[in-house]
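A.B. asks: Coordinates only, no sequence provided:
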């Protein structure tokens, strides 16, 4: 007997919904590295920040590794077995991270947490998909689930910062481990012991491809995260890791040609929406990584502590809600996804413009609320629209592989790459700022003054950080505009040559007698829709 639900028959349906939410929120926020206590963890462990960044990205590699295997796991094990194993493993790894001082143990534990976290999430995403979108319309699900998950993550950062500020950073991991164990107990009591479908074996999993996938992206992560610390390609470690990534990724692709059930089907690279979606995800990574500029400004210039700084995430919540409603209305009217993506980029660009003019050592934190709302709108719109476009039109075998690569590219490759570029540019701009300030200093002895040269250096460095942040926001505005132009140039749908001819005739003022009126009406409507989207 099979049961595609999660809970036993005696559990009332309202209680089932409450249980799904009780599972979903903790699983969404649990992780191996919490950005709210990143600084406290780094200073307490006396560890390079690059190791913790590496560990954070390792969790996304773990998610990408597990995604192609989810269907096989679902067919092989019971939901109860998957949940108990996943939650117990996450709790164990959380305790390990809280008690170890080895960066390599932290990195491995993050990979394991990411691997089992995605397994646990999918167990509850499937019933939510049927609840939120009974007709199978993915846009309805995306416009509810994405704002929910992003809002939960943003709100949790303040909570974790508060716990770490009042107690210790280890307390966050212990609290989450206890919550995971409580959910294990709930699973034992309420979840049924029936299978989802007929039992399938695990021996057809391509372990070699999985190993090559993990190795290649771990090497790439090392290159992107440690590039600045190792002086980029002057380091033999960066050189070796770069060559290793190219070799292992090439072997991964070559391996897919000779296996019956490939880990990453090569057919996905022939789909236009996947290739274009990857480029858009890289652009999204640039926008997401810009948060480092704001953190540098709020912490380094305004002097906000971690609790107050993370409280700014609350200002994003109205933007997330507004952006979700905006995207839902857009899809309900069946408007082009292309211009929804551009709308999200426009909101993000407006956020950068406002931050550019707000860069000042005396700005009040309340002035950052409106830019945060715009950032939330842009973020949720781009998450929904780009993900929907990238995964559109694939069959069951290809969808999980596409999602695997997409989640690694969106959350690891793009953000790490953009972060490396940002840190390098910021370092150069800061040096240039110090040099410019030094040119205007008088050639006098500073020893008689209080603090001497160190006091002058401190003030000069603060000014250099200020000018570097402002200049970097300016470059980001230019890059965002170029990204919008690039998206405008992309062709999202099949080419309608008769429509192109009709548009050309309309522009030139030539006669269109004999052309289908419905085609003309559709063309005019699409042009007006496009103009309306750009003007938002």
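C.D. replies: That came through, no problem. The structure presented is a predicted model; accordingly, all values stated were derived computationally and were not measured. Numbers count the residues shown, from 1 in each chain.
A.B. asks: Thought residue 489 was touching residue 338, still the case?
C.D. replies: No - the pair residue 338 and residue 489 does not pass the contact test of Cβ atoms under 8 Å, sitting 10.3 Å apart. Bear in mind the C-beta positions are built from the backbone N, C-alpha and C, glycine included.
A.B. asks: gap between the residue nearest to residue 361 when sequence neighbours are not counted and residue 359?
C.D. replies: Of all residues not flanking residue 361 in the chain, residue 301 sits nearest, at 5.6 Å (Cβ to Cβ, 6 or more residues apart in numbering). Residue 301 sits 8 Å away from residue 359, going by Cβ to Cβ, to the nearest Å.
A.B. asks: which parts of the longest helix anywhere in the chain are buried?
C.D. replies: Counting by DSSP state H, the longest helix found in the chain is helix 452-489. For helix 452-489, the neighbour count (16 or more other Cβ atoms under 10 Å) marks 460, 463-473, 476-477, 479-480, 483-484, 487 as buried.
A.B. asks: And it, what does it pack against?
C.D. replies: helix 272-289, helix 291-295, helix 337-358, helix 414-438 (3 or more Cβ pairs under 8 Å, 6 or more residues apart in numbering; DSSP states H and E).
A.B. asks: Between helix 272-289 and it, find me the angle.
C.D. replies: Interaxial angle of helix 452-489 relative to helix 272-289 (axes from the mean of the first three to the mean of the last three Cα atoms, to 10 degrees): 160 degrees.
A.B. asks: pLDDT averaged over helix 452-489 - what is it?
C.D. replies: Summarised as a single mean, pLDDT over helix 452-489 is 81.
A.B. asks: same deal with stretch 323-332?
C.D. replies: 88.
A.B. asks: and if you look at stretch 263-276?
C.D. replies: 82.
A.B. asks: Compute the first-to-last residue distance for that stretch.
C.D. replies: Stretch 263-276 has an end-to-end distance of 21 Å (criterion: Cα to Cα, to the nearest Å).
A.B. asks: Stretch 327-345 too?
C.D. replies: With Cα to Cα as the measure, what separates the two termini of stretch 327-345 is 13 Å.
A.B. asks: buried ones in that stretch?
C.D. replies: So for stretch 327-345, counting by 16+ other Cβ under 10 Å, buried means 327-328, 330-331, 335, 337-345.
A.B. asks: between residue 301 and residue 359, what contacts are shared?
C.D. replies: By Cβ atoms under 8 Å, 6 or more residues apart in numbering, residue 301 and residue 359 have these common neighbours: 466, 469.
A.B. asks: Tell me where the stretch 251-400 of the chain is predicted with low confidence.
C.D. replies: 396-397 (pLDDT under 70).
A.B. asks: and the two most separated of the buried residues of stretch 327-345?
C.D. replies: 328 and 345 (18.7 Å; Cβ to Cβ).
A.B. asks: how many neighbours does the nearest residue to residue 267 once chain neighbours are set aside have?
C.D. replies: Nearest residue to residue 267, sequence neighbours excluded (Cβ to Cβ, 6+ apart): residue 398, at 6.4 Å. For residue 398, the count of nearby residues is 18 (other Cβ atoms under 10 Å).
A.B. asks: For residue 398, which residues are in contact?
C.D. replies: 265, 267-268.
A.B. asks: Which one of those is nearest to residue 143?
C.D. replies: Of the contacts of residue 398, the one sitting nearest to residue 143 (Cβ to Cβ) turns out to be residue 268, at 25.0 Å.
A.B. asks: neighbours around the closest one, how many?
C.D. replies: Other residues close to residue 268 by other Cβ under 10 Å number 20.
A.B. asks: can you check residue 11 too?
C.D. replies: 17.
A.B. asks: I figured it hits residue 189, correct?
C.D. replies: No - counting by Cβ under 8 Å, residue 189 is not a contact partner of residue 11; they are 9.5 Å apart.
A.B. asks: circling back: okay if I get the helices and strands packed on helix 452-489 as JSON lines plus distance to residue 101?
C.D. replies: What follows is the helices and strands packed on helix 452-489, written out as JSON lines (distance: least, Cβ to Cβ, whole Å):
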{"stretch": "helix 272-289", "distance to residue 101": "28"}
{"stretch": "helix 291-295", "distance to residue 101": "25"}
{"stretch": "helix 337-358", "distance to residue 101": "37"}
{"stretch": "helix 414-438", "distance to residue 101": "24"}
